[in-house]
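# have a look; sequence and predicted model below, questions after that.
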Amino acid sequence: MSDFVQYLVSGLTIGAFLSLIALGYSMVYGVIKLINFAHGDIFMIGAFAGFTVLTALGATGGLALPA
């Protein structure tokens, strides 16, 4: 049961984050009728931060990426 709760909380957290980004896209498009791709930096910062933390903690497995 605890795995289900953990998956539920993780899913809701990630879903809320993605919905905020989608809301930002829709607001920008609604105002200036132009898609702004500046939200990509949020994804890249998160990806680099996650990769750095996992590498520092010694996580192995998955993809063989040069660290």
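Looks like it arrived, so ask away.
# tell me which element the residue nearest to I42 when sequence neighbours are not counted is part of?
Closest residue in space to I42, ignoring its immediate chain neighbours: I21 at 6.7 Å, by C-beta to C-beta, 6 or more residues apart in numbering. For the C-beta atoms, the positions are set from N, CA and C on the backbone; glycine is no exception. Take DSSP states H and E as the rule and I21 turns out to sit in helix 2-32.
# elements contacting the next helix or strand after that helix?
Sequence order places helix 40-56 as the next helix or strand after helix 2-32, per DSSP H and E. Packing contacts for helix 40-56, counted by 3 or more C-beta pairs under 8 Å, 6 or more residues apart in numbering; DSSP states H and E, involve no helix or strand.
# send me helix 40-56 as PDB with only the CA atoms.
C-alpha atoms of helix 40-56 as PDB (Å, rounded to 0.1, in the frame of the first residue of the first chain):
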ATOM      1  CA  GLY A  40      12.500  24.600 -22.100                       C
ATOM      2  CA  ASP A  41      15.200  26.000 -19.800                       C
ATOM      3  CA  ILE A  42      13.100  24.800 -16.800                       C
ATOM      4  CA  PHE A  43      13.200  21.200 -18.100                       C
ATOM      5  CA  MET A  44      17.000  21.400 -18.800                       C
ATOM      6  CA  ILE A  45      17.800  22.800 -15.400                       C
ATOM      7  CA  GLY A  46      15.800  20.100 -13.800                       C
ATOM      8  CA  ALA A  47      17.400  17.400 -16.000                       C
ATOM      9  CA  PHE A  48      20.900  18.600 -15.200                       C
ATOM     10  CA  ALA A  49      20.100  19.000 -11.500                       C
ATOM     11  CA  GLY A  50      18.700  15.500 -11.300                       C
ATOM     12  CA  PHE A  51      21.600  14.000 -13.200                       C
ATOM     13  CA  THR A  52      24.100  15.700 -10.900                       C
ATOM     14  CA  VAL A  53      22.300  14.600  -7.800                       C
ATOM     15  CA  LEU A  54      22.000  11.000  -9.000                       C
ATOM     16  CA  THR A  55      25.700  10.900 -10.000                       C
ATOM     17  CA  ALA A  56      26.800  12.400  -6.700                       C
END
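# thanks a lot, see you next time.
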